[in-house]
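1. When you get a sec, could you give me coordinates for this:
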Amino acid sequence: MARRSYDHFCAAARALDVIGDRWALLIVRELLAGRRRYTDLHADLPGISTDMLAARLKELEQDGVVTRRKLPPPGAATVYELTPRGRDLLPVLAALSAWGASELADRRPTDAVRAHWFAIPLIERLRECAPDLDGVVEIRLDEGVFHVHLGGPSYGDGAADDPDLRLTMSSETCRALVQGAITPAEAYDAGTLTVIGDGPLADAFRGKPDGHPPEDGVDRGTGTYGRPYGS
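-> Below you'll find the model as predicted:
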């Protein structure tokens, strides 16, 4: 079936000709977290049929948004990843996520959720708290783990190899952060956000840039203030 076009000599219309079909931007969302096998993409896109996923991947590949390659042994799996043009869609998804954050009301019984779906809107909220700092932050929710690179900005699914900071919270707290209803420091003071790590980045999220412990003397993220658990 031939693809439909708006047939408008307009940059926005041309962009929508490429990424405006249903599921296209959500496939990009998944691949912004890193290369994926077809089965991984299908698992993290609940509701998409295998035929639809195959069709959208083919179209995105034809349009230079996605590329496909085979990994060398012992993996020998075929993976999909974004081209530089595809990665340029990160600010597009960031703007859409910021605009849509207010739509995240109570979770509906039919709503699927993956932890890393919070990554794109959360990056900007975290960067607002530490605008001059760089680092890798690992975020742990009940639904899973993901990590963000504040200086990239970029994000990935799963745990980070050597994060500068670990944040643990519920998806409800994460939603409140994404919506701007609460800051990391406020969530930390309320005991709904655990901050594990030390240094300027950890202090920024605790709301204590001078390095002093909380006023109540209780540190909610480390055993001894400024010293991570287990160190």
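
2. ranges for the helices of the protein?
-> With helices called from DSSP state H, the chain shows them at 11-19, 24-31, 38-43, 50-62, 84-87, 90-100, 119-129, 171-179, 184-189, 200-206.

3. and of these, who's closest to residue 107?
-> helix 171-179 (7.9 Å; Cβ to Cβ). For the C-beta atoms, the positions are set from N, CA and C on the backbone; glycine is no exception.

4. just checking, what packs against the closest one?
-> On a contact count with 3 or more Cβ pairs under 8 Å, 6 or more residues apart in numbering; DSSP states H and E, helix 171-179 meets helix 119-129, strand 136-141, helix 184-189.

5. Including mean pLDDT, mean neighbour count and distance to residue 12, could those go into a markdown table?
-> As requested, these are exported to a markdown table (pLDDT from 0 to 100; neighbours: other Cβ atoms under 10 Å; distance: least, Cβ to Cβ, whole Å):
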| stretch | mean pLDDT | mean neighbour count | distance to residue 12 |
| --- | --- | --- | --- |
| helix 119-129 | 94 | 20 | 21 |
| strand 136-141 | 97 | 22 | 33 |
| helix 184-189 | 96 | 20 | 35 |
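
6. Setting aside sequence neighbours, what's the nearest residue to residue 143?
-> residue 115 (4.4 Å; Cβ to Cβ, 6 or more residues apart in numbering).

7. Report the contact partners of that neighbour.
-> Residue 115 sits next to 139, 141, 143-146, 157, 171 when contact means Cβ atoms under 8 Å, 6 or more residues apart in numbering.

8. on that earlier part again, could the helices and strands packed on helix 171-179 go into JSON lines alongside distance to residue 22?
-> Below are the helices and strands packed on helix 171-179 laid out as JSON lines (distance: least, Cβ to Cβ, whole Å):
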{"stretch": "helix 119-129", "distance to residue 22": "19"}
{"stretch": "strand 136-141", "distance to residue 22": "27"}
{"stretch": "helix 184-189", "distance to residue 22": "34"}
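
9. if we can go back for a sec, tabulate the helices of the chain (CSV), appending distance to residue 164.
-> Listed next are the helices of the chain as CSV, based on distance: least, Cβ to Cβ, whole Å:
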stretch, distance to residue 164
helix 11-19, 33
helix 24-31, 24
helix 38-43, 27
helix 50-62, 33
helix 84-87, 23
helix 90-100, 21
helix 119-129, 12
helix 171-179, 18
helix 184-189, 14
helix 200-206, 6
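
10. so which of those gets nearest residue 72?
-> Of all the helices of the chain, helix 38-43 sits nearest to residue 72, with 18.1 Å by Cβ to Cβ.
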